[in-house]
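[1] what follows is a predicted protein model with its sequence.
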Amino acid sequence: MTAGQPYSMTRVAKGPLLFVAGQVPTLPDGSVPEGAAAQTRVVLDKIEALLAEHELGWPAVVKVTYFLRDIADLGAVREVLLDVLPEPRPTSSLVAITALVDPRFVVEIEAIADLG
């Protein structure tokens, strides 16, 4: 792993696997926080809650995919990831996109966790 990176280069999963659909930064009241860091925190909290429904936590996550509307937000997103994700961190892919389903969204994240 490269120091300061919020991901691992490889992770082994023994399965079965849990696929967490892409999560967006809507709060329970339908509002969306401003900024990439705040939105990332909301999305990670939502993923963590979904993992907990299966009695899992972040250590079980082996892969995440990040969708960013503006690559300039990557630094803010990485700071949150480094704060939230424990070692060993999941592998990851980053996709820069032009739009998400709601124009207020700047980030969406999906995850794959190892149930084994």
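    All right, it came through fine.
[2] please, where are all the helices along the chain?
    Using DSSP state H, the helices of the chain run over 36-52, 74-84.
[3] point out where this protein drops to low pLDDT.
    1-5, 7-8 (pLDDT under 70).
[4] can you give me the strands in the protein?
    17-23, 61-68, 91-96, 107-114 (DSSP state E).
[5] what does the second one contact?
    Read it as strand 61-68. By CB atoms under 8 Å, 6 or more residues apart in numbering, the surrounding residues in contact with strand 61-68 are 7, 11-13, 17, 22, 36, 47, 51, 74, 77, 85, 90-97, 100, 106-114. (C-beta placed from N, C-alpha, C; glycine too.)
[6] name whatever forms a beta bridge with Ile112.
    Using DSSP bridges, the beta-bridge partners of Ile112 come out as Phe19, Lys63.
[7] hang on, isn't it packed against Gly15?
    No: applying CB atoms under 8 Å as the test, Ile112 and Gly15 come out as separate, 10.2 Å apart.
[8] give me the more crowded residue out of these two.
    Neighbour count, other CB atoms under 10 Å: between Ile112 and Gly15, Ile112 has more, with 18 against 9.
[9] show me what contacts the more buried one?
    Ile112 makes contact with 13, 17-20, 61-64, 90, according to CB under 8 Å, 6+ apart.
[10] try it again at 6 Å.
    17, 19, 62-63 (CB atoms under 6 Å, 6 or more residues apart in numbering).
[11] next one: Phe105
    Neighbouring residues of Phe105 by CB under 6 Å, 6+ apart: 24-25.
[12] distance-wise, check it relative to Val95.
    Per CB to CB, to the nearest Å, Phe105 is found 14 Å from Val95.
[13] point out the most buried one among the helices of the chain.
    Of those, the one with the most neighbours on average (mean count of other CB atoms under 10 Å) is helix 36-52, at a mean of 19.
[14] tilt between it and strand 107-114?
    If you take axes from the mean of the first three to the mean of the last three CA atoms, to 10 degrees, helix 36-52 sits at 30 degrees to strand 107-114.
[15] I'd like the helices of the chain as TSV, with distance to Gly30 appended.
    Below are these laid out as TSV (distance: least, CB to CB, whole Å):
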stretch	distance to Gly30
helix 36-52	12
helix 74-84	22
